[in-house]
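Asks: structural data only, the sequence is not supplied:
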């Protein structure tokens, strides 16, 4: 629903449920088809009037030649003249031949002919005739698209599904009456979202959401408020809105004392701009559950004085109200954290927290980094030594005493998960509990992955671990997320404002499971004790992935490209994953055709860790020295549909390129 809300329907029996599903799918597909036709019509009108240099409402042949160049397509004058005349020219009084808007539509249809699609259509048509029967459609969907694979009872569902496909996508009423699908209907079907490369199953929450939080990867943002670089970037409320609407579920709030007693969010000791803490909470309340209903985690980096922390606590309780989840005694005694399902619709806080059981007047002590064998500090006028025994009993610090870090009790009471420094696996095992999160910098993570990956995986079965970018990444670049995730780290914090290859991979992984921001870890990472002796290698059978790049449709021209310069496109196909799965392949380039280039090139990949692998496509221009990216798309390997699929390309800022697609064929086999 456009409001971000969902409606749960309970059917009285299976037959009613299946009917509801069928009708809902049909309504969605009809709406998408109408929307695509509307977009195409608007695009055609725009192209027509942009090419009408004379402004008389007609296109002459020379204007059409200019239009072809603008549309990234090169024809000889002889070829262009044939297409021009075939579109149904009109003769004006001056005897010049022109096309009106309708003639231009026919001109476009001839330009955008899809011989590769037509050949596929003829392959399944009865005696290569002009239409498909329901049986032809069934054979195509089962044999090529692998739909209903593994389902035994599909007879009635199949007949109904093929029937509504004809009803939805066939443009000719007489064909609909006879349950026949023409090539135009087949083309509409293939451009529908359900036939795109991204599996409809992965567009829904399908994973078990009742495991403890430790058993999930969680989409997480680093310095969420920044919309640019780290040291001099702008802080903007749009950073929170954009990030949370992508499905990100763990956001960072870097809190400092502000003017007039009001806490602010900013990147401390930099030239970054500032925003009100209260305003950020209001926005997160209003937008935090539009994309996902599962828990929203706010990681507070607290640099505020006690009075402003008290105000932070007041705002958290006032703004989030019953959504704010805080730990009861029963919660803290649990061996694991609650599940995403249990915390559905809740907000919880991760921050430094006072040890349980301290006296009420001990308002300014929280666990900090271990600094030395002695610690000094004042807690509301009481010397630290007065509560050392309580601290030792509750925090059980194994190495020396803890440095004092001021935390107001009001704010501490709002914290559900305690942020703690990582002191090693042995210490964490002896003293840690489930309601704590280790905060580990990227360089330390790399060291742990290299030296102790198996132990790291065991550690994350009991503890939440957050990995944040190296402080040297002042340009807001991002790490490769795969090593940390492959070692079980639940929260790998990313700079969402960066649109690099690593970010595209990260967002592709979390587009799975309905884009809800939570991904269930592979079973071997959740087993306790582990189900196999060597945890450094997941017990997953390798996947063989065959990708055939067939063609592209309506590639746009890059900015600053002259009208006379026609794109020479080629495609980069990549599997981005663990070190042993990384592989990049390139097609040859197609000269002077960015409108409907054809490649028909095939590539093979062996994927050992498919749970953490992403298939990437980039279309680049061989004509330019920099070989700039025209369009790109990344998808988790588990979300890839087999068969003939269109890939909807995005620009470098992750925005859809209207009507621009790749056409590919995918095969997946496990050996």
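Replies: Happy to help now that I have it. Computed from a prediction, not measured in an experiment: that's the story for all the values here.
Asks: the residue nearest to residue 189 when sequence neighbours are not counted and residue 120, how far apart?
Replies: With C-beta to C-beta, 6 or more residues apart in numbering as the criterion, residue 189 has its nearest non-adjacent residue at 4.4 Å, and that residue is residue 169. The C-beta positions use only the backbone N, C-alpha and C, and glycine is treated the same way. Per C-beta to C-beta, to the nearest Å, residue 169 is found 15 Å from residue 120.
Asks: before we move on, what about residue 499?
Replies: Counting by C-beta to C-beta - residue 499 and residue 120 are separated by 34 Å.
Asks: what helices or strands is the one helix or strand residue 67 maps to leaning on?
Replies: For residue 67, the enclosing helix or strand under DSSP states H and E is helix 61-70. Counting contacts by 3 or more C-beta pairs under 8 Å, 6 or more residues apart in numbering; DSSP states H and E, helix 61-70 packs against helix 14-51, helix 77-86.
Asks: residue 638 is nearest to which of those?
Replies: Residue 638 sits nearest to helix 14-51 of all the helices and strands packed on helix 61-70, at 22.2 Å, using C-beta to C-beta.
Asks: pLDDT value on the closest residue to residue 441 other than its chain neighbours, please?
Replies: For residue 441, ignoring the flanking residues on the chain, the nearest one in space by C-beta to C-beta, 6+ apart is residue 468 at 6.1 Å. At residue 468, the model reports a pLDDT of 92.
Asks: and if you look at residue 505?
Replies: So, for residue 505, pLDDT stands at 97.
Asks: again with residue 192
Replies: 90.
Asks: ok, which stretches of the stretch 251-400 of the chain are strands?
Replies: 264-265, 275-276, 296-302, 347-351, 370-372, 378-379, 382-383 (DSSP state E, counting those that start in this stretch).
Asks: picking that back up, which one of residue 169 and residue 120 has more residues nearby?
Replies: Neighbours were tallied for residue 169 and for residue 120 using other C-beta atoms under 10 Å; the higher tally belongs to residue 169 (23 against 20).
Asks: how far away is the more buried one from residue 661?
Replies: For residue 169, the distance to residue 661 - C-beta to C-beta - is 17 Å.
Asks: equivalent analysis for residue 522, please.
Replies: As judged by C-beta to C-beta, residue 522 and residue 661 stand 32 Å apart.
Asks: these two - which one has more neighbours?
Replies: Each of residue 522 and residue 661 has its neighbours counted (other C-beta under 10 Å); residue 661 has more, 22 against 18.
Asks: let me see the contact set for residue 184.
Replies: Counting by C-beta atoms under 8 Å, 6 or more residues apart in numbering, residue 184 touches 170, 171, 172.
Asks: ok, now how distant is it from residue 48?
Replies: With distances taken as C-beta to C-beta, residue 184 is found 21 Å from residue 48.
Asks: just residue 315 next, same as before
Replies: 54 Å.
Asks: and for the nearest residue to residue 202 once chain neighbours are set aside, the neighbour number?
Replies: Excluding its sequence neighbours, the residue lying closest to residue 202 (C-beta to C-beta, 6+ apart) is residue 639, at 4.0 Å. Other residues near residue 639 come to 20 when the count uses other C-beta under 10 Å.
Asks: what sits against residue 639?
Replies: Residue 639 neighbours (C-beta under 8 Å, 6+ apart): 198, 199, 202, 511, 512.
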